[in-house]
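Q: this one's sequence-less:
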């Protein structure tokens, strides 16, 4: 806990100043520390350590306590994003465990997430050991979940004393209060009263304390007026308490077979799991010297490489005898395992390739005597050879590996960091320091969820499909990537756990035990597939293309009377109970019958404007709803009007709609993966989350249940 600073503040004077200036303070516990004592909390945004706001700046801190809440937090996040505002969320650890996706989404949108204890007790009633039990687990949870260590705590109920503040200070945590209490926890609070009290205290340095618990709908309703009012006063609403980066830099990462989980390696040799990977045992202590990590096939054991060439086992991997060791000389740069999981090669910075564990010696590899430019080494799938990556992007084969075509090359720029081999052992991607992935051989371009400024990308890996994986940055944050066409749509079979996804090129992928699809369409390199639906048998169905074609697969009969568009206008497909008739939705809101379904007169139509995003059919087979990109639901065929659960005027973010069996309730999906109930449908819990990035593409209800599933552009199917 090095680097902790303890400062003195005159809390009593701050209280007097806030009250005199119209600020509203409440909830202060008994036994405050005397003026000038070591333990005093921050009441102003300017008092927070490392605040980016100079005293007197025209800023107001916006904070929310007690969440995350499935009922309120998504709406708070939506509103903040619409206004381009960041806030600070003081979260309860037990609620974080229930909805980690909401924390990840808050972070991804630029907000800060800080401590509010695990279970919301009054800390002034606890001894130091009990305080530790409430705070330390939450520090660990938020650090693991966000990749950043929290820096602030707001004590529940505002109860603080010198013991509380000094216990936090010893952990490098600042205790943060507020000076504007809008009263949204008080009985009878309304959106109007909350807004009025918030704006009455809004002045430079003010900290407004709001709440995002499950019953704070008035707070959600008040938030737009609060943000508008703050800005109308010439003030800027801001977040506070920027989370601290993980203190020990990450040096490398290894990805497990799923392509999404794994371990990041810090410079001291510690392994940090991400993506749900289990903890590992037996890491070597390598202060400042850890360089690379590789995993064996079991995904929980492997080896770390130190800068002197030492290879250290962990997780039960067998010890190996190394053939290269340079004590006191930091020159080892890469390590790769052969398929046996106990032999391979170590790369030095000059390009030397050194066998260990019985791997064959290598001759004829690239070598740059005296020039530290070797960066990564990767074995081929058969273990008979591999490739060395230099810092300029050159890819050099050794053993029986085939030469590489069209490798990226940045002469004079040491930017290449790691080599990923793809689906054919001589195609793949080169990772550069900013997170870019440049393809070579026959590898397709990738869609990447994040890039980092400067030289920050450290390592990662790909899954068994050879097309998708994860990259890790120096601060421990992760970002998935996928190559080839994005996944566009999802269909669920009757068992509720298996089905099919279709990508933009028409390729169908089965999951959850569904049989492989046959006879489906394929448009390689052409982004034209738009939707997929299943017939009642659960194994055959149709793919919709952007021109309105309804393409059968796995033995589905052809259909007649389909719409035909001369440009890419089709957006959605629904089948009636007979499995051979239904409707195609166009981008302007038109609903086109095929296969003998009765014609429809739509209630939403926007000629020339590509705005529709989904269509849902009610059980009667003749009525339903069209979803627009703003979240609006438009009935057709006699369906009753419904009150939408979310609406983002002017913001094209809605991606799909799913109806429940009653035909009048369901969920709207936004591109971040949040589901918004309407018509009395229950809230859905997304256990995986999508890290707040707009990558989620489709939602499908699970027949006969109050559950649904979503798919993202990477092909991840998540049950809700």
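A: Cool, got the structure. Just so it is clear, the structure is predicted and the values come from calculations on it, not from any experiment.
Q: which residues touch residue 662?
A: By Cβ atoms under 8 Å, 6 or more residues apart in numbering, residue 662 lies in contact with residue 679. Backbone N, C-alpha and C define where each C-beta goes, glycine included.
Q: what does the model give it for pLDDT?
A: pLDDT recorded at residue 662 is 93.
Q: for it, helix, strand, or coil?
A: State at residue 662, reduced to three classes by DSSP: H, G, I helix; E, B strand; the rest coil: coil.
Q: which of the helices and strands in the protein ranks last by mean pLDDT?
A: helix 11-20 (a mean of 28; mean pLDDT, DSSP states H and E).
Q: show me where this protein has its helices.
A: Listed in chain order, the helices of the chain (DSSP state H) span 11-20, 73-83, 93-98, 100-108, 128-146, 162-170, 191-200, 217-232.
Q: now the longest one and helix 162-170, what's the angle there?
A: To tie it back to what came earlier, the one meant is helix 128-146. Angle, helix 128-146 to helix 162-170, by axes from the mean of the first three to the mean of the last three Cα atoms, to 10 degrees: 40 degrees.
Q: buried ones in helix 128-146, by neighbour count?
A: 131, 134, 135, 137, 138, 139, 141, 142, 143, 145, 146 (16 or more other Cβ atoms under 10 Å).
Q: same check, this time on the last one
A: Of the residues in helix 217-232, those scored as buried under the neighbour-count criterion (16+ other Cβ under 10 Å) are 218, 219, 220, 221, 222, 223, 225, 226, 227, 229, 230.
Q: surely the last one is in contact with residue 201?
A: No. Contact status for residue 230 versus residue 201: not in contact, 10.6 Å apart, counting by Cβ atoms under 8 Å.
Q: of the helices of the chain, which is nearest residue 306?
A: Proximity to residue 306, assessed across the helices of the chain by Cβ to Cβ, is greatest for helix 128-146 (25.1 Å).
Q: quick one, that closest one and helix 100-108 angle?
A: 70 degrees.
Q: quick one: residue 52 from residue 146, how far?
A: According to Cβ to Cβ, to the nearest Å, residue 52 and residue 146 sit 19 Å apart.
Q: residue ranges with poor pLDDT in this protein?
A: The model of the chain has pLDDT under 70 over residues 1-39, 108, 147, 243-247, 423, 449-450, 453, 645, 686-693, 720.
Q: 50 instead, please
A: 1-38, 245-246, 687-692 (pLDDT under 50).
Q: nearest to residue 346 among the buried residues of helix 128-146?
A: Nearest member of the buried residues of helix 128-146 to residue 346, counting by Cβ to Cβ, is residue 143, at 31.9 Å.
Q: from what I see, that closest one and residue 151 are in contact.
A: No. Look at residue 143 against residue 151 with Cβ under 8 Å: they stay out of range, at 11.0 Å.
Q: quick one, what contacts the nearest residue to residue 404 once chain neighbours are set aside?
A: In space, and not counting its chain neighbours, residue 404 is closest to residue 395: 4.3 Å by Cβ to Cβ, 6 or more residues apart in numbering. Residues counted as contacts of residue 395 (Cβ under 8 Å, 6+ apart) are 387, 388, 389, 404, 407, 419, 430, 440.
Q: what separation do you get for residue 310 and residue 538?
A: Applying Cβ to Cβ to residue 310 and residue 538 gives a distance of 54 Å.
Q: then residue 468?
A: The gap separating residue 468 from residue 538 is 26 Å, by Cβ to Cβ.
Q: ok, the two, which is more surrounded?
A: Taking other Cβ atoms under 10 Å, residue 468 and residue 538 do not tie; residue 468 has more neighbours (21 against 18).
Q: what's opposite the more buried one in the beta bridge?
A: residue 482 (DSSP bridges).
Q: so it touches residue 715, yeah?
A: Yes. Counting by Cβ under 8 Å, residue 468 touches residue 715, with 7.0 Å between them.
Q: list the residues that contact both of these two?
A: residue 482.
Q: surely residue 113 is in contact with residue 87?
A: No. The pair residue 113 / residue 87 is not scored as a contact, 9.9 Å apart, by Cβ under 8 Å.
Q: contacts only, for the residue lying closest to residue 528 once chain neighbours are set aside.
A: Leaving aside its chain neighbours, residue 528 sits nearest to residue 546 (4.6 Å; criterion: Cβ to Cβ, 6+ apart). By Cβ under 8 Å, 6+ apart, the contact set of residue 546 is 528, 529, 530, 565, 568, 569, 570.
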